[in-house]
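Peer 1: Provide a 3D model corresponding to the input given below.
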Amino acid sequence: MRKQQNFQWETISLGTCYYPEHWDRSLWEADLKRMKAAGIETIRIGEFAWSKVEPREGEFSYEFFDDFLNAVRAADMKVIFGTPTATPPAWLTEKYPEVLNCRMDGVKFRHGMRRHYNYNSPVYQDLSARIVEKFAGHYAAHPNVIGWQIDNEINCEVDVFYSESDTAAFRKYLQGKYGTLENLNRELGMIFWNQEYTSWDEVYVPRTTIHNTSNPHLTLDYYRFVSESAIAFCRMQSDIIRKYKKPGDFITTNGMFDHLDNHRMMDEALDVYTYDSYPNFAYCLSEDPVHNRDLNDRKWSSHLSRVRSVCPHFGIMEQQSGANGWNTRMEAPAPKPGQMTLWAMQSIAHGADYVSFFRWRTCTVGTEIYWHGILDYDNRDNRKLREIRALHERLRSIRELAGAAYRASFGVLEDYDNLWDADVDVWHRRVEKASKKEIFAASQLSHTPMDYVLLTDGTEYGDLKDYPVLFYPHGLILTERRAKLLRDYAEKGGCLIIGARTGQKEEHGRCVMMPMPGELAQLSGTSVEEFTFVGAMDGQVCMEWNGKKLDTGIFNDILETEKEDVKVLACFASNYYEGKPALTERAVGEGRVIHFGGTFTRDTVQALLSYLGILEPYRAQLELPEECELCVREKNGKQYFFILNYSPEEQEIRVKQEMIDMFSGEKICGAVRLTGDNVLCLESVTTL
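Peer 2: Here you go, the predicted structure:
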């Protein structure tokens, strides 16, 4: 069972990221006043400012931030203080090059970028602990400091580490896990290609090889090790800050990045989780204008749903406020009028109770001169600042929605073993990516809200029971413990839907010598006779279900029924396995298991949701076009409907039951016109 978060915001509020070290002191007071006038209540500072407190090794000065916090106090602004470990200073990396991360071939990443360190350097751990102690010890007591951000975007830029310190730590990690080399060689299949180890000194993090191909089972453990290292680094800082922070102040970090168990990091080190939301990435000039525009900025709702699985009532530490880009990469258009508001409300609709815009003013120096903020280089009032003011006025009417729960109609199970295995295994990656994209699209376009739901060996039935339907698209790695939990879920009334490749592997990523779906075969009553990618010459392979032909995706498992009570819902309609079962159903206890021998497409998902009676659960209250997203939050027996129009065109919404427009306070029913890139927030009149 997941641990409850230790902090959540009492009201929905706005913030921004501010870097006093980037600006002349003469701007501080005016900047803070302009923020307050626009409705900004909180700023984040300090996460890249190590040298402002320790300009030379062992020399500490607090004058700079003392002066800035005096200005903050005068303006009555709240502060989230960042620890500065994402950018070690030049004196540190020059004197201690062992702190630097490396490429796979061992070449060091040199000073001049960010996140160029490795978590496992003892020197870096010691110096990081010391600077965090200095920051927290001096600034935590300040009355305007309300929270702490650890580092910045842990595992951003790089999520692999190849320094000598990482190899030394990886050896200890494997020794602790396997005990002996004999166990390691056996469990990780080192017999293949003569990779068996005879000394721990022969074990390294993955290194440069032909095609950069390493043992996949060792690589999977390596990704687990990277996660452990990052969590330990975060927890070290959190433990220090807790000695100094005031009661009620929170500890967070901003994510979410790969090769990192964000759920464990949240449970073990943080009070609340924050995310950096940049929907404008969908419009980068590097994007394929034809093939990669499906749902565009709306895709960020998928990321926000994953964040919600980490922390139900989260914050946004960096919300898009302008075009994104560096001088070396990422070119993008500016957000259009209304999009800043749309994207902020997208975050709020999905559970964010604090939204901080990145950044207050576009930096005039450095790599991020094109990562635009609210204000531009000229520092004049502009339409973005006017939009922030208007958003603040809108939020006055929904401030008390903080803490409202997001309501999903079904869940999609995810676990880190399979997420990381998809990084190791390109076959797994292709099916995983295809199905997740299409399940999300089906949810969005049918206005059937969904959650991502974490599955671990510690997950309990209580974590799953509120979902009438759970998809487990491609659980290649499947443990006995998790299979038992899924059996419990189905027998107690849930509907479990599994897809192709389920149960192919055990926890180390080795293929099991038993028919798929492996540990779930007794539950589904099926087995996989044969399997194949759908080839370029095969055309679209469909199944026939209830008189319709539905695409079975890019990979097919040819199913066999093994128990008499298995019902074949659909058969393949083409290819050499035409007529073979493609979709089966079996009643188990009070629930059922559906086995789909394919990768999911939006039409197939919507057909399944319709069959199960949960498609468009709010159609009695609302009729919406596909261009609009529906999010539902609940609090104190009331439902709140967020309708987000991602189209530049006006859309017609039909409100079938009388509701209150929370922005205007008016009661509405019937047809409503929602302008492009705009949001409607409705409160139900009736109580649940």
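
Peer 1: V528 against N556, yeah?
Peer 2: No - checked against Cβ atoms under 8 Å, the pair V528 and N556 is beyond contact range at 9.7 Å. For glycine as for every other residue, the C-beta is placed from the backbone atoms N, C-alpha and C.

Peer 1: ok, the two, which is more surrounded?
Peer 2: Set side by side, V528 and N556 show more neighbours around N556, with 26 against 22, by other Cβ atoms under 10 Å.

Peer 1: check what contacts whichever strand in the chain runs longest and list those residues.
Peer 2: Counting residues, the longest strand found in the chain (DSSP state E) is strand 651-661. Strand 651-661 is contacted from outside by 620-625, 627-628, 641, 643, 645, 666-674, 676, 680-686, using Cβ atoms under 8 Å, 6 or more residues apart in numbering.

Peer 1: give the buried residues for that strand.
Peer 2: Along strand 651-661, these residues count as buried under the neighbour rule (16 or more other Cβ atoms under 10 Å): 651, 653, 655, 659-661.

Peer 1: still on that earlier bit, and the contacts of strand 651-661, which are buried?
Peer 2: When burial is judged by neighbour count using 16+ other Cβ under 10 Å, the buried members of the contacts of strand 651-661 are 621-622, 624-625, 627-628, 641, 643, 645, 672, 674, 676, 680-684.

Peer 1: tilt between the next helix or strand after the longest strand of the chain and strand 651-661?
Peer 2: The helix or strand immediately downstream of strand 651-661 is strand 667-674, counting by DSSP states H and E. Taking axes from the mean of the first three to the mean of the last three Cα atoms, to 10 degrees, one finds that strand 667-674 is oriented at 150 degrees with respect to strand 651-661.

Peer 1: where's the residue lying closest to A408 once chain neighbours are set aside relative to E414, distance?
Peer 2: Nearest non-adjacent residue to A408, counting by Cβ to Cβ, 6 or more residues apart in numbering: D451, 3.8 Å away. Separation of D451 from E414 (Cβ to Cβ, to the nearest Å) stands at 10 Å.

Peer 1: quickly list what's touching both of these two.
Peer 2: With Cβ under 8 Å, 6+ apart as the test, D451 and E414 both reach S309.

Peer 1: neighbouring contacts of the helix or strand containing L559?
Peer 2: L559 belongs to strand 555-561 when assigned by DSSP H and E. Strand 555-561 is contacted by residues 430-431, 500-501, 516, 525-534, 541, 568, 572, 575, 577, 580-584, 595, 597-599 when judged by Cβ under 8 Å, 6+ apart.

Peer 1: quick one: strands adjacent to that strand?
Peer 2: Here strand 555-561 has these sheet partners by DSSP bridges: strand 526-533 (antiparallel).

Peer 1: how about residues contacting the partner strand?
Peer 2: For strand 526-533, contacts defined as Cβ under 8 Å, 6+ apart pick out 500-501, 515-517, 521, 554-563, 566, 577, 580-581, 584, 586, 595, 597.

Peer 1: are any of the residues you listed buried, and which?
Peer 2: Here, 16+ other Cβ under 10 Å leaves 500-501, 516-517, 521, 554-561, 566, 577, 580-581, 584, 586, 595, 597 buried among the contacts of strand 526-533.

Peer 1: output the contacting helices and strands for the lowest-mean-pLDDT helix or strand in the chain.
Peer 2: When each helix and strand of the chain is scored by mean pLDDT, DSSP states H and E, strand 254-255 comes last, with a mean of 92. Contacts defined by 3 or more Cβ pairs under 8 Å, 6 or more residues apart in numbering; DSSP states H and E place strand 254-255 against strand 274-277.

Peer 1: export the buried residues of strand 651-661 as JSON lines, with columns for distance to L464 and pLDDT.
Peer 2: Output for those, formatted as JSON lines (distance: Cβ to Cβ, whole Å; pLDDT from 0 to 100):
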{"residue": "Q651", "distance to L464": "35", "pLDDT": "98"}
{"residue": "I653", "distance to L464": "33", "pLDDT": "97"}
{"residue": "V655", "distance to L464": "33", "pLDDT": "98"}
{"residue": "M659", "distance to L464": "31", "pLDDT": "98"}
{"residue": "I660", "distance to L464": "34", "pLDDT": "98"}
{"residue": "D661", "distance to L464": "36", "pLDDT": "98"}
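
Peer 1: which two among those are spaced furthest apart?
Peer 2: The two members of the buried residues of strand 651-661 with the most space between them (Cβ to Cβ) are Q651 and I660, at 20.1 Å.

Peer 1: keep only those of the contacts of strand 555-561 that are in strands.
Peer 2: Among the contacts of strand 555-561, DSSP E puts 526-533, 568, 572, 581-584, 595 in strands.

Peer 1: quick one: which of the residues you listed is most hemmed in?
Peer 2: Within these, H595 tops the neighbour count with 31 neighbours, counted by other Cβ under 10 Å.

Peer 1: now that one: how far from T601?
Peer 2: Separation of H595 from T601 (Cβ to Cβ): 16 Å.
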